[in-house]
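**Q** Sequence first, predicted coordinates after that:
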Amino acid sequence: MEFIMNNEEKLILRAILLIIPLIFLSSFHFELQVFHQVFFSHVIWFLELFGIKSQVQGYQIITKNFSSIITFDCTGWKQFYIFCTLIFLPLRIKLSSRLKGLLFLIPLYFYNIFRVIITIYISSISYSWFKPVHYFLWNFLFLALIFIFWFFWYQHMKKN
């Protein structure tokens with residue numbers, strides 16, 4: 001007896017297989033130190049470029065009224081993983097087209113750097129703004145950008 005999967009079942013299985021590594025890595029508190037260090041150094045560089053005075057102790061950034069620790073999760077690695085999963089999820093798309101879609105990781109990375117900088121800057125003015133700004137820029141806008149970029153890429157791929 002043959003087991004034949006329709007496209008919907010293939011898509012569901014593919015989604016499960018693509019998301020399992022994220023669950024595994026998250027549960028074991030995966031950290032890629034070099035990525036964390038590079039991201040942190042970019043944040044520091046842009047803070048200096050924009051004239052935002054701060055001190056650094058480890059991964060902690062201290063401004064006159066605010067102190068924050070840039071954790072590995074701040075790098076956006078889970079969001080980048082989700083974006084990559086979305087790029088590799090659809091069926092019948094060439095690898096070269098998928099790799100072109102991964103170029104959207106570049107503006108997403110820069111958005112994430114500016115998200116951290118904006119959060120630090122606004123929170124240094126008033127700590128009471130930390131939670132709403134962090135929530136909006138991290139949970140809402142970052143995920144919205146991921147889906148907008150993916151949707152734009154996917155619509156373009158469907159036309160080809």
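**A** Great, that's in hand.
**Q** can I assume residue 22 is in contact with residue 80?
**A** No: Residue 22 lies out of contact with residue 80 (CB atoms under 8 Å); the separation is 10.4 Å. For every residue, glycine as well, the C-beta is placed using N, CA and C.
**Q** Start from the N-terminal end of the protein and give the helices.
**A** Under the criterion DSSP state H, the chain carries helices at the ranges 7-27, 33-49, 77-88, 95-101, 105-125, 130-134, 143-159.
**Q** So what touches the second one?
**A** I take that to be helix 33-49. Residues outside helix 33-49 that contact it (CB atoms under 8 Å, 6 or more residues apart in numbering): 54, 56, 59, 61, 70, 72, 74-75, 77, 112-114, 116-117, 120.
**Q** hmm, try it at 10 Å
**A** The contact list for helix 33-49, computed with CB atoms under 10 Å, 6 or more residues apart in numbering, reads 32, 52-54, 56, 58-59, 61, 63, 68, 70-77, 80, 109-110, 112-117, 120-121.
**Q** so where's the chain shaky on pLDDT?
**A** The model of the chain has pLDDT under 70 over residues 1, 160.
**Q** and stretch 60-69, which residues are buried?
**A** Judged by neighbour count using 16 or more other CB atoms under 10 Å, the buried positions of stretch 60-69 are 61, 63, 66, 68.
**Q** Compute the number of surrounding residues for the residue nearest to the second one when sequence neighbours are not counted.
**A** Closest residue to residue 63 apart from its sequence neighbours, by CB to CB, 6 or more residues apart in numbering: residue 124 at 3.8 Å. Each residue near residue 124 was counted by other CB atoms under 10 Å, and the total is 21.
**Q** for residue 119, same thing?
**A** Other residues lying near residue 119 total 22 when counted by other CB under 10 Å.
**Q** Identify the residues contacting it.
**A** Residue 119 makes contacts with 66, 68, 74, 129-131, 133-138, as judged by CB under 10 Å, 6+ apart.
**Q** could you redo the last one with a cut-off of 6 Å?
**A** 133-134 (CB atoms under 6 Å, 6 or more residues apart in numbering).
**Q** cool, and the one 4 residues further on?
**A** By CB under 6 Å, 6+ apart, the residues touching residue 123 are 66, 130.
**Q** any idea how far it lies from residue 54?
**A** Note on residue 123: its distance to residue 54, by CB to CB, to the nearest Å, is 12 Å.
**Q** ok, now residue 89?
**A** 39 Å.
**Q** Who has more neighbours out of these two?
**A** Legend: neighbour count by other CB under 10 Å for residue 89 and residue 54, higher for residue 54 (19 against 16).
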